[in-house]
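[1] sequence first, predicted coordinates after that:
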There are 2 protein chains.
Amino acid sequence: MLTTAYSNPSPFHGMPLGRHGDKAGIMHVYGMIKKKHVSSWGLQFKAPTKVNATKVDATDGKMVDQEQEVPNMVSDIGLGRMFQDGSIFREKICIRVYEVGPDQTASVETLMNHFLEIAISHMKRIGLMHDRFGSEEMSKENLMWVVAKIQMVVDHYPTWGDIVQLDTWKYACGKNGLSCNLTFSDYKTGEILVRASSIWVMMNKKTRKLSQFPNEVRAKLEQYIVDTPPIVEQDPRTWSKQEENIDEHICKGLMPRWNDLDMNHHVNHVKYVGLALESVPKTIMENYEIHSMTLQYYRECTKDSVLRSITSILANDNVRVPNVDVVDCCHLLQFEIGGGGGSIMKGMTRWRLKHRKGQVSRASVSSLTEVSNTKNSEN
Amino acid sequence: MLTTAYSNPSPFHGMPLGRHGDKAGIMHVYGMIKKKHVSSWGLQFKAPTKVNATKVDATDGKMVDQEQEVPNMVSDIGLGRMFQDGSIFREKICIRVYEVGPDQTASVETLMNHFLEIAISHMKRIGLMHDRFGSEEMSKENLMWVVAKIQMVVDHYPTWGDIVQLDTWKYACGKNGLSCNLTFSDYKTGEILVRASSIWVMMNKKTRKLSQFPNEVRAKLEQYIVDTPPIVEQDPRTWSKQEENIDEHICKGLMPRWNDLDMNHHVNHVKYVGLALESVPKTIMENYEIHSMTLQYYRECTKDSVLRSITSILANDNVRVPNVDVVDCCHLLQFEIGGGGGSIMKGMTRWRLKHRKGQVSRASVSSLTEVSNTKNSEN
């Protein structure tokens, strides 16, 4: 079995979620005089012809179309709040149209983006991130946070328009690692949709080598660490040389785009996933969805890097024909030009058949047995 | 001059913005008993050891760390509201860490993503978008909305953590076009940061040809159209054959990624921008920022497409040496394999020197005079 049992319970797991149907407070708008005009379509339309500089309090109902508000609207989307003296940070988000893919569900990159955002927001609130690199104590020693590992289990992908509650908390991981944990829950039902855990370590900005935590940072962290194991059990697997040499599906010549760079002028770690998925066969991408994944980060890369992405399809019983319900894959993202050909990320994914829209059948993926053991440079 | 004067005033322009410092309503959390434990770091930390199933109303201050809330927090981020009987739609957003690039400012793609989101949210509210394609009346006739043109003027890029207010409204454009307009304003100062205008047309899903607006849709639109010219003046320029044949900077072999696809299984129009920018010389990307752009969309493309991006640097006086303060570029995004080599998008951009962090000097971009008239396949 490649994927560990991700059934580790968390104290936050069973938490039913609060509902907030209350509307936000006073809304000031500016009045405009309306009158009828004729458009280029030859039809009459309403027109704001003059800006009235007098404030109108919208709570009187004159300017805001109360009946046109979203029913049961959530008044605190995007407002991060801390609980338990800062140990837990919570925020609600709405899945946007540009965050979903062809299935109308949030992409894995979207989930990872929100994980990154809330982990950093929490760090900012508790004094562990005062600029784009780390805390003030870290700045003095030229240290920055880097993500070393991410594990994610997706029970259910949120879709366009869904309101999702994020809960994050931190846990000590080894002597020099910080585990950031996250759940995505459906705001309406309280159902846990996604569980994720990441390990953050410190790197020296000049030497690019990993560092111990300064005592000041350790002392600060102590106030916010909780005694809860990571929401996703640590995946103890390592990538064997044998697996690394399997290059069934390769996508070469991958060039990071300008938009892949983050504030540190390097390719953002979330973008590595998209690059890794480029070598996954089309049949899998179209008929399966990621159920769980483990990503281990090894190197940085820049806009000038040229990368290759390699996916190996693994079977549970060492036979290279996938089970049609579940497909396990091994991923490598390597330098193709520069970087000595080394790996910048290794990953393992477990995929399950998509069931949501009923258009996927087992028969439709029988071709998977044919794509194994073939080299495919374009997928 | 390549760029038109984008100084067209709007009735919304001078609108000072309301401020909403009020906190959201009742917050329910679940109590946890804390006690001291020893972590793997050998330090004591707080631990939630038991989930208490009794609801605690956070408004009593027991569970929420009120003093740790963000000062002046905005209680209605992400809550779209309609004004003027639905003619104007407004929403506040917060710029996220994953939405900014190396300069810590929102990328052009981020701005376009939010434009797409709010334009569609507005359409959904007023009955012009009931699924991922269009209104119910449009579904009956197999019609869908497509974006034909986008213009954007960026006076000031918002940065990570900024709260931005978006205001959008619709205007009739010709006989069969709908102009969606948008301003991004700084929530704190009211300053207009970005002005944008896009033209939406209807396409038949089966024939992929443009269509007239059905009368039912026209009648529905009539209720929400305002008599305000687009916030960005229409750019009347066309791309001359001469300009199209200038291939100073080419980036070949661009392959759309899985994450570039939208709900319609095609490459999302926002992603075209990132692909177009791939051929912009590094010197420009690093030292300049886009001040204004006009994008005209011609064709769809898919995951299987292989594209080439071409950028020509244009001078104001027909001399191919750019002004060091302002650089005008012409962009083509074309099929390299398949699609008959046709253009899928044409664009014009005006770039200005970055001044924000003071690290950019005129001298540093003197090399621009050297990159002109040279072929560059890798940029």
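    In hand now; what should we look at? Residues are numbered from 1 along each chain as shown, chains lettered A, B, ... in the order given.

[2] looking at the sheet around residue A:327, what are its partners?
    residue A:351 (DSSP bridges).

[3] so what pairs up with the nearest residue to residue A:255 once chain neighbours are set aside in the strands?
    Leaving aside its sequence neighbours, residue A:255 sits nearest to residue A:306 (Cβ to Cβ, 6 or more residues apart in numbering or on different chains; 6.0 Å). Where you see a C-beta, it was placed from the backbone N, CA and C, and this is true even at glycine. For residue A:306, the beta-bridge partners under DSSP bridges are residue A:337.

[4] what of residue A:293?
    So, taking DSSP bridges as the rule, residue A:293 has residue A:152, residue A:349 as bridge partners.

[5] could I get the contacting residues of it?
    Remark: with contacts taken as Cβ atoms under 8 Å, 6 or more residues apart in numbering or on different chains, residue A:293 is in contact with A:108, A:150-152, A:273, A:347-350.

[6] and it, how far is that from chain B?
    Applying Cβ to the nearest Cβ, to the nearest Å, the value for residue A:293 to chain B is 14 Å.

[7] which residues in the stretch 201-350 of chain A form strands?
    Residue ranges of the strands in the stretch 201-350 of chain A, as given by DSSP state E, counting those that start in this stretch, are A:210-211, A:249-254, A:288-297, A:306-314, A:326-337, A:343-353.

[8] which residues of chain A score low on pLDDT?
    Judged by pLDDT under 70, chain A has its weakly predicted residues at A:1-78, A:240-247, A:315-323, A:356-379.

[9] could you pull out the helices in it for me?
    Taking DSSP state H as the criterion, chain A carries its helices at A:108-125, A:136-140, A:215-222, A:241-244, A:269-277, A:282-287, A:368-371.

[10] let's have these in JSON lines, adding distance to chain B and mean neighbour count.
    Shown next, in JSON lines, are the helices of chain A (distance: least, Cβ to the nearest Cβ, whole Å; neighbours: other Cβ atoms under 10 Å in any protein chain shown):
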{"stretch": "helix A:108-125", "distance to chain B": "4", "mean neighbour count": "23"}
{"stretch": "helix A:136-140", "distance to chain B": "16", "mean neighbour count": "16"}
{"stretch": "helix A:215-222", "distance to chain B": "5", "mean neighbour count": "16"}
{"stretch": "helix A:241-244", "distance to chain B": "23", "mean neighbour count": "12"}
{"stretch": "helix A:269-277", "distance to chain B": "4", "mean neighbour count": "24"}
{"stretch": "helix A:282-287", "distance to chain B": "6", "mean neighbour count": "19"}
{"stretch": "helix A:368-371", "distance to chain B": "16", "mean neighbour count": "15"}
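
[11] ok, back up a step: okay, now the residue nearest to residue A:255: neighbour count?
    By other Cβ atoms under 10 Å in any protein chain shown, the residues close to residue A:306 number 16.

[12] wait, it touches residue A:254, no?
    Yes: counting by Cβ atoms under 8 Å, residue A:306 touches residue A:254, with 7.0 Å between them.

[13] give the residues shared as contacts by these two.
    Here residue A:306 and residue A:254 have residue A:336 as joint contacts, going by Cβ under 8 Å, 6+ apart.

[14] what residues are up against the closest residue to residue A:259 other than its chain neighbours?
    Closest residue to residue A:259 in three dimensions, ignoring its sequence neighbours and counting by Cβ to Cβ, 6+ apart: residue B:274, at 4.4 Å. Residues counted as contacts of residue B:274 (Cβ under 8 Å, 6+ apart) are A:257-259, B:109.

[15] beta partners of residue A:198?
    For residue A:198, the residues forming beta bridges with it (DSSP bridges) are residue A:150, residue A:180.

[16] and it, how close does it get to chain B?
    Per Cβ to the nearest Cβ, residue A:198 is found 14 Å from chain B.

[17] for burial, what's the neighbour tally of that residue?
    When neighbours are defined as other Cβ under 10 Å, residue A:198 has 27 of them.

[18] residue contacts, it?
    Residue A:198 makes contact with A:115, A:119, A:147, A:149-151, A:179-180 under the criterion Cβ under 8 Å, 6+ apart.
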